[in-house]
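Enquirer: My questions concern the predicted model and sequence given below.
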Amino acid sequence: MLAMPPSFDFDHFARLAQEDPVAFETQRHALLEAAFDELPAALQASARASFAQVQVRMLAAKSPAERLAISLAALNDALQDLQQGFAALRREAVQQSRYSSRSTAA
């Protein structure tokens, strides 16, 4: 299993994409696999499926601008899911706090 690097060298990948597209795809795939491997096992399949859906949509895009719009929409969807998850956690924390207050007051 490849570990995620501590930092991402965008310039290296940009050069590699221009000079050796096959090596770029190989390294890109390895980095993606490392990122998926860092997720909890219960989330990996879902994350891989979501990523595959975005990749298929991007392959059908007719321009770089359309690919960008697709990736930004996917990012927005993921952020909304994260926000909903935080909101649910917040509600749960408030409920737990209220329950604990009543238990200690009695």
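Expert: Cool, the structure landed.

Enquirer: Could you pull up the mean pLDDT of stretch 46-57?
Expert: Across stretch 46-57, pLDDT averages out at 94.

Enquirer: do the same with stretch 12-30
Expert: 94.

Enquirer: same check, this time on stretch 77-97
Expert: 93.

Enquirer: for the chain, longest helix please?
Expert: For the chain, the helix with the greatest residue count under DSSP state H is helix 64-105.

Enquirer: Summarise which helices and strands that one is packed against.
Expert: Packed against helix 64-105 by the contact rule (3 or more CB pairs under 8 Å, 6 or more residues apart in numbering; DSSP states H and E) you find helix 41-59. Every residue, glycine included, has its C-beta placed from N, CA and C.

Enquirer: Let me know the pLDDT of residue 103.
Expert: So, for residue 103, pLDDT stands at 68.

Enquirer: How many residues are close by residue 16?
Expert: Residue 16 has 18 neighbouring residues, counting by other CB atoms under 10 Å.

Enquirer: List the contacts of it.
Expert: Contact analysis of residue 16 by CB atoms under 8 Å, 6 or more residues apart in numbering lists 23, 24, 27.

Enquirer: Then residue 51?
Expert: 32, 36.

Enquirer: Equivalent analysis for residue 14, please.
Expert: So residue 14 contacts nothing (CB under 8 Å, 6+ apart).

Enquirer: send the alpha carbons of whichever strand or helix holds it over as CSV?
Expert: Taking DSSP states H and E as the criterion, residue 14 maps to helix 10-19. What follows is helix 10-19, C-alpha atoms only, in CSV (Å, rounded to 0.1, in the frame of the first residue of the first chain):
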residue,chain,number,x,y,z
PHE,A,10,1.7,20.1,-8.6
ASP,A,11,4.5,21.3,-10.9
HIS,A,12,5.9,17.8,-11.1
PHE,A,13,2.5,16.4,-12.1
ALA,A,14,1.9,19.2,-14.6
ARG,A,15,5.3,18.5,-16.2
LEU,A,16,4.7,14.7,-16.1
ALA,A,17,1.3,15.1,-17.8
GLN,A,18,2.9,17.0,-20.7
GLU,A,19,6.1,14.9,-21.0
